[in-house]
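[1] return atomic coordinates for the entry below.
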Amino acid sequence: MKERFNALTGLRAVAAIMVFLYHNRKYWRGWLPEFLIRIFNEFHTGVSLFFVLSGFLIAYTYQDTPIKSARQYIRYLLVRIVRIFPVYLIILLISFYDNGFPTTKIAIYNYTLLKGLSDRFNLDCLPQSWSLTVELSFYVFAPFIYSLLKQHIIKAISFQLLLLAIVLTIGYSWYYINGNHDRWMYNWLFIFDSTSFGRFIEFFCGMILANKLRSGFEIKRLPKLNLTLISCICSLITIYCISLFEKDIYDQGTQHIGGLILRNVVLSVFLTLLIYGLITERTWLSRILSTRFAMLLGDASFIFYLVHIGYVNRKIYNHQILGDRNFIFLWIISVVGFLLIEKPIYLFLKGKIMN
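    Sure, this is the predicted structure:
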């Protein structure tokens, strides 16, 4: 089982590569066939894979050590915070020092990641960090959601729908009262596209899988049925179908309700089945993702995600743009950064928190 879970670490590298291809797709428009361009247009769904994985791993990890007190809850949150913030703040502060510090208000929004709750500010400074706000929002409520899930799935769903209703009410009330100039938690498209409250199904699918695995659940299937392969194919078909909602082959289908539903709901199910397949089946893909190399890339995927666009990437481009859009060089930076900066800082701070 431990070896099968190793494949999930390698899967994080796949998710990061998908996002890299999405952000660099415009440079390959001249020679790629249309169907590939459409698929790359929707490879932002690598973030969806991160979200489903997060839901699964958080729920599976805290099944054995449930959070039963305020002290345990605070410790849990601090551990999650030190997993995300140190490297993010290092890159953010270097970019501010180099480019000039913004106003106090903008700086606070970025330091705290509150910017991810505003449709006006969520792509400021390090644009990809909007998803960190989504992750942190999920971490805040995850213990309560999972506790309700273990009681009954309807209770867990109702709680998340209540959170969604509250957020929508706040955003729209703010808008009707004074215009909500900075678009905090407004409008519906922003909520369902860029917040954990609208994208809760992705996290929740992972949590359901964790709960089912802990209870000994097993999907009954035909002999030699490769669930990993089938879920991969279905995921790619869904991603392509999302793109069809947008007439412009260079834009995203998730800007339309149909594409949004496909990504937030249908794709979440197939990605969950993919994770289940990697855990329960011994396939060539699970073997590859379980190798030390793939796992190292998976561990470094967070830094890769933070540097593949934005400040670090622009600084590299000012000196050299390789034919692969600096893909390999960015991974080298990410691995070195993980081994020398991210991992030591995380282990040190986690040790202080847990003692």
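
[2] test my guess that residue 305 contacts residue 129.
    No: in this structure, residue 305 is not within contact of residue 129 by C-beta atoms under 8 Å, at 9.2 Å. (Each C-beta comes from the backbone N, C-alpha and C, glycine too.)

[3] flag every buried residue along the top helix by length along the chain.
    Of all segments of type helix in the chain, defined using DSSP state H, the longest is helix 70-99. By neighbour count, and taking 16 or more other C-beta atoms under 10 Å as the criterion, the buried residues in helix 70-99 are 76-77, 80, 82-88, 90-92, 95-96.

[4] for the host helix or strand of residue 191, name the packing helices and strands.
    Element membership of residue 191, judged by DSSP states H and E, is helix 188-194. For helix 188-194, the packing partners by 3 or more C-beta pairs under 8 Å, 6 or more residues apart in numbering; DSSP states H and E come out as helix 153-178, helix 257-261.

[5] give me whichever of the ones you listed is most buried.
    When these are scored by mean count of other C-beta atoms under 10 Å, the highest mean neighbour count falls to helix 257-261 (a mean of 16).

[6] how many neighbours does the closest residue to residue 76 other than its chain neighbours have?
    Nearest residue to residue 76 in three dimensions, chain neighbours excluded: residue 67, at 5.5 Å (C-beta to C-beta, 6 or more residues apart in numbering). A total of 18 residues lie near residue 67 under the criterion other C-beta atoms under 10 Å.

[7] from residue 352, how far off is residue 67?
    Shown here: residue 67 relative to residue 352, a distance of 19 Å by C-beta to C-beta, to the nearest Å.

[8] contacting residues around the helix holding residue 191?
    Contacts made with helix 188-194 from outside it, assessed by C-beta atoms under 8 Å, 6 or more residues apart in numbering, are listed as 116, 119, 122, 130, 134, 164, 167-168, 171, 183, 185, 197-199, 254-255, 260, 264.

[9] now do the contacts for residue 35.
    Each residue near residue 35 by C-beta under 8 Å, 6+ apart is listed here: residue 240.

[10] if I look at it, how far off is residue 239?
    Looking at residue 35 against residue 239, where the rule is C-beta to C-beta, the gap reads 11 Å.

[11] residue 341 too?
    Separation of residue 341 from residue 239 (C-beta to C-beta) stands at 33 Å.

[12] more neighbours, these two?
    A direct count of neighbours by other C-beta under 10 Å for residue 341 and residue 239 places residue 239 higher, at 24 against 14.

[13] do I have it right that that one meets residue 267?
    Yes: checked against C-beta under 8 Å, the pair residue 239 and residue 267 is within contact range at 6.9 Å.

[14] joint contacts of those two?
    In contact with both residue 239 and residue 267: residue 45, using C-beta under 8 Å, 6+ apart.

[15] low pLDDT regions in the chain?
    Judged by pLDDT under 70, the chain has its weakly predicted residues at 1-4, 64-66, 219-224.

[16] returning to what we had before: closest to residue 146 out of the buried residues of helix 70-99?
    Proximity of the buried residues of helix 70-99 to residue 146 was ranked by C-beta to C-beta; the top entry is residue 76 with 11.5 Å.

[17] now do the contacts for that closest one.
    By C-beta under 8 Å, 6+ apart, residue 76 lies in contact with 62, 67, 139, 143.

[18] what about the last one, neighbour count?
    Per other C-beta under 10 Å, the neighbour tally for residue 143 reads 19.
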